[in-house]
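S.K.: dropping the sequence and predicted coords here.
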Amino acid sequence: HITFSQRMVGLTELKLQDCQLERLPSAVLSLTHLRLLDLQHNNLSSLEELHCLAQLRQLSCLKLAYNNLVVLPASVGVLRGLELLDLSNNQLRSLPPSLTAFHASLLPSGAFLQL
């Protein structure tokens, strides 16, 4: 169980690699200044909470590599501020149409999608 004190709400980078996480900690949603969220090398298999990350309006980098993601929810499209989305080394079987639109809209601006 992860909690953040009131003094930590100004965090801009949070790296939770190799923490054996199976779900996105809900406390992350209180960190509204986050620009980088690194959840690599965990045990995430689904991200139903992904749409909640839309609250993190400054989030520009989301690293989800080396998890057990099989399905990515269509709500990935709500993450409009992302410049880097790393989904490499997961078990994704398909990508939602919202990710295809996300990918196409970001490439011209120099953003990066790692699959």
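M.R.: Sure thing, it's come through.

S.K.: okay, CA-based contacts and neighbour counts for the rest of this
M.R.: Fine.

S.K.: pull out the buried positions in stretch 57-67.
M.R.: 58-67 (16 or more other Cα atoms under 10 Å).

S.K.: how long is that stretch from one end to the other?
M.R.: 24 Å (Cα to Cα, to the nearest Å).

S.K.: centroid-nearest residue for the chain?
M.R.: By Cα atoms, centre = their mean, the chain has its centre lying nearest to Leu62, at 4.0 Å.

S.K.: what sits against that residue?
M.R.: Contacts here follow Cα atoms under 8 Å, 6 or more residues apart in numbering; on that basis Leu62 touches 36-39, 82, 84-86.

S.K.: what does Ala65 give?
M.R.: Residues near Ala65 by Cα under 8 Å, 6+ apart: 39-41, 86-90.

S.K.: now do it, the pLDDT please.
M.R.: Note for Ala65: predicted pLDDT of 93.

S.K.: quick one, phi/psi of Leu62?
M.R.: phi -130, psi 120 (degrees, to the nearest 10).

S.K.: for this structure, which spans come out with low pLDDT?
M.R.: Residue ranges of the chain with pLDDT under 70: 1-6, 98-115.

S.K.: the nearest residue to Leu56 once chain neighbours are set aside: what's it in contact with?
M.R.: Of all residues not flanking Leu56 in the chain, Thr32 sits nearest, at 4.9 Å (Cα to Cα, 6 or more residues apart in numbering). Going by Cα under 8 Å, 6+ apart, Thr32 touches 9-10, 55-58.

S.K.: any idea how far Arg35 is from Pro96?
M.R.: From Arg35 to Pro96 the distance is 24 Å (Cα to Cα).

S.K.: show me the strands in this protein, by range?
M.R.: 13-15, 36-38, 61-63, 84-86, 112-114 (DSSP state E).

S.K.: put together CSV for those, with distance to His51 on each row.
M.R.: Below are these laid out as CSV (distance: least, Cα to Cα, whole Å):
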stretch, distance to His51
strand 13-15, 18
strand 36-38, 15
strand 61-63, 13
strand 84-86, 15
strand 112-114, 18
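
S.K.: could you work out which of the ones you listed reaches nearest to Ala27?
M.R.: Ala27 sits nearest to strand 13-15 of all the strands of the chain, at 11.6 Å, using Cα to Cα.
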